[in-house]
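Engineer: below: sequence and its predicted model.
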Amino acid sequence: MRGGFAAPVVLGSRATFALGAFGGHATGVLKAGDVLHFADLPGPEALDDAAPAPLTHDWAIGVVYGPHGAPDFFQDADIADLFSASYEVHFNSARSGVRLVGPTPRWARRDGGEAGLHPSNLHDNAYAVGSIDFTGDMPILLGPDGPSLGGFVCPAVIARDEQWKMGQLKPGDQVRFVPVARPDDPAAGPTLASARAGAPAIRRPVPDPGSAIVGRDEAGPVAVVYRRQGDDNLLVEYGAMTLDIALRLRVHLLAEAVSAARLPGLIDLTPGIRSLQIHYDGARLPRARLLGLLREIEQTLPPAEAVTVPSRIVYLPLSWNDPQAALAMRKYQELVRPDAPWCPSNIEFIRRINGLEDEAAVQRIIFEASYLVLGLGDVYLGAPVATPVDPRHRLVTTKYNPARTWTPENAVGIGGAYMCIYGMEGPGGYQLFGRTIQMWNTWRTTPVFQPGTPWLLRPFDRIRFFPVAPEELAEARAAFPHGAYPVRIEEGRFDYAEHAATLAATAPEITAAKLRQQTAYEAERARWKADGHDTFVVDEGDPAAEDGVIPAGCVAVATTVPGSVWKILVAEGESIAAGQTVAILESMKMEVAVSALTSGRVREIRVAPGRVLRGGDIVAVVEET
């Protein structure tokens, strides 16, 4: 639509963010009766002779290799699979992410260290739209409503001119990834064209994908690696792959310096734990020039030991093992992975993997900890990723594999050594232990939500939790967006030199805590391997309705969309009415009702909860009366 539709600019965009229920022409997604007005915005001229883009169920999508490739994160054979295999679009797909079913990676690492037990885990960094994000062993194409930050590896990003194809993908479609050549990008790391001797070949001819690493400098005070993220993003990584607050302060210094330099084509800066994502217009700022400018800036940065930053203490109520968090665990076990080692209780899993005596010890540590906010937008909407300032309070876990399809708004969990408060409903992978108040306030200004900043927290805030009952939290959540629930906030500063002195003074206790964790960690790993839980393969199951025969006088109740059976609401022998819901599926991040077309008696139920169905599969048979 040339010129677009008239819509207000919200947070710099006219786009609709459906999950956040804001943006677009009014308050989110279109509803029946809404009126749209044409705008006269400048835009590209249409090509008169251009043929319509071909639509298909078998897609070839061009991708840019990186930021995380072989041999650092993946084996050569994994990357060969990525560019050779065909992936199927999973039914649990939406604008936030398109889940794919395909080969399981072999992985180059045993685990993600402090970032998590699975080798897909890493210290949270910013994502690019179109990233192929391996959440455990399952790849997910991150869409325009996807998370800003996350802690999973991404071997490739959809090329700028290919991203429109994401919006056309439907459950059951086949997807093949084709690397696109970027000959102007420097190669500062291994390339598939110069792979190690004996590396497997890609099974079909493709262009040379180049290297995931386009620059590195190990001569300075802090080693730095530059990883490409598609055509318009660069990921700057500092130091070793460890949790080090000094590296986060280095990222802060770089972000301030890049912002002050006013680089041409700069769009956005997003800090991670040990990385900074630079989002820029690649048509205005060539990658090679950007790398040169960053190397100049790098030489001007002061050491972390000299840094002091504003750091408020924010006290938040926490409903321990909140019923909504427990529901998310139960739905995951019923619908996604029944044998998940972290179910039925994430809190028990946190206890076990950290070698603690009981769940009360988990609770005590969490309420004693002071969580330093290292990033915002981890998952969505101002959600913080934070870690305890005191390493003795750092509980380390793995993330869900695969990720949850649903997490309640403001659930609180741990992934790796990090705590996250989910800013909104959506997918997630952290081990949940409770729920708190809102991190985001779209529509109202209150004493803590100032105009233009609808998020509660700031980088380097310190979060302290205090316990409340679920009923008290429900009252607080109803009042807080209206400014009727006071939040205690104390101004302060975080001094890295003081922090380093405290680390030195408590080093023996920190070492003992890490040894206890590592021992439990290894025991958990051995248990997983013995039980066959160290990898996960999507089980699509057999066709749900192999027997398609419907007895005389009966009518089938069938699905119209693919999905996973969540609930069966009727029993065999029960009398039902036309239009009555027989079952509820989870499909495309929604609950979809399967209803009877006629009144009668339920003669057969042909599926069970957790069963994967395709469109047209028979759920039940109703005998007409």
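Structural biologist: Received it, and whenever you're ready, just let me know what you need.
Engineer: which element is L293 on?
Structural biologist: For L293, the enclosing helix or strand under DSSP states H and E is helix 287-298.
Engineer: whoops, L503 was the one
Structural biologist: Judged by DSSP H and E, L503 forms part of helix 496-505.
Engineer: still on that earlier bit, chain center to the helix holding L293: distance?
Structural biologist: Helix 287-298 sits 29 Å away from the centroid of its parent chain (C-alpha atoms, centre = their mean, to the nearest Å).
Engineer: give me the contacts around whichever helix or strand A526 is part of.
Structural biologist: If you go by DSSP H and E, A526 is part of helix 507-531. The contact list for helix 507-531 (C-beta atoms under 8 Å, 6 or more residues apart in numbering) reads 111, 117, 339, 341, 352-355, 391-392, 394, 396, 503, 533-534. C-beta here means a position set from N, CA and C on the backbone, and glycine is covered the same way.
Engineer: quick check: angle from it to helix 496-505?
Structural biologist: Counting by axes from the mean of the first three to the mean of the last three C-alpha atoms, to 10 degrees, helix 507-531 points 80 degrees away from the direction of helix 496-505.
Engineer: just after helix 507-531, pick out the following helix or strand.
Structural biologist: Assigned by DSSP H and E, the successor of helix 507-531 is strand 554-558.
Engineer: D358 versus P323, what's the distance?
Structural biologist: Applying C-beta to C-beta, to the nearest Å, the value for P323 to D358 is 21 Å.
Engineer: same question for G33.
Structural biologist: 56 Å.
Engineer: tell me which of the two has more neighbours.
Structural biologist: D358 (10 against 5; other C-beta atoms under 10 Å).
Engineer: leaving out the residues flanking it, which one is nearest to the more buried one?
Structural biologist: Excluding its sequence neighbours, the residue lying closest to D358 (C-beta to C-beta, 6 or more residues apart in numbering) is R351, at 6.7 Å.
Engineer: what's the burial count for that neighbour?
Structural biologist: For R351, using other C-beta under 10 Å, the count is 20.
Engineer: buried sites along the helix or strand harbouring it?
Structural biologist: Per DSSP H and E: R351 is located in helix 346-353. Within helix 346-353, the residues scored as buried using 16 or more other C-beta atoms under 10 Å are N346, I347, F349, I350, R351, R352, I353.
Engineer: quick one: the strands in the stretch 201-350 of the chain?
Structural biologist: With DSSP state E, counting those that start in this stretch, the ranges of strands along the stretch 201-350 of the chain come out as 213-217, 224-228, 233-238, 266-271, 275-280, 308-310, 313-320.
Engineer: so which of the ones you listed is the most packed in?
Structural biologist: The highest mean neighbour count among the strands of the stretch 201-350 of the chain, using mean count of other C-beta atoms under 10 Å, belongs to strand 233-238: a mean of 25.
Engineer: give me the helices and strands touching it, please.
Structural biologist: Contacts defined by 3 or more C-beta pairs under 8 Å, 6 or more residues apart in numbering; DSSP states H and E place strand 233-238 against strand 121-126, strand 224-228, helix 245-261, strand 275-280, helix 287-298.
Engineer: flag the shaky bits of the stretch 151-300 of the chain, pLDDT-wise.
Structural biologist: 193-206 (pLDDT under 70).
Engineer: returning to what we had before: most widely separated two among the contacts of helix 507-531?
Structural biologist: Farthest apart among the contacts of helix 507-531 by C-beta to C-beta are D339 and L503. That separation is 39.4 Å.
Engineer: how about the contacts made by H57?
Structural biologist: K170, G172, D173, Q174.
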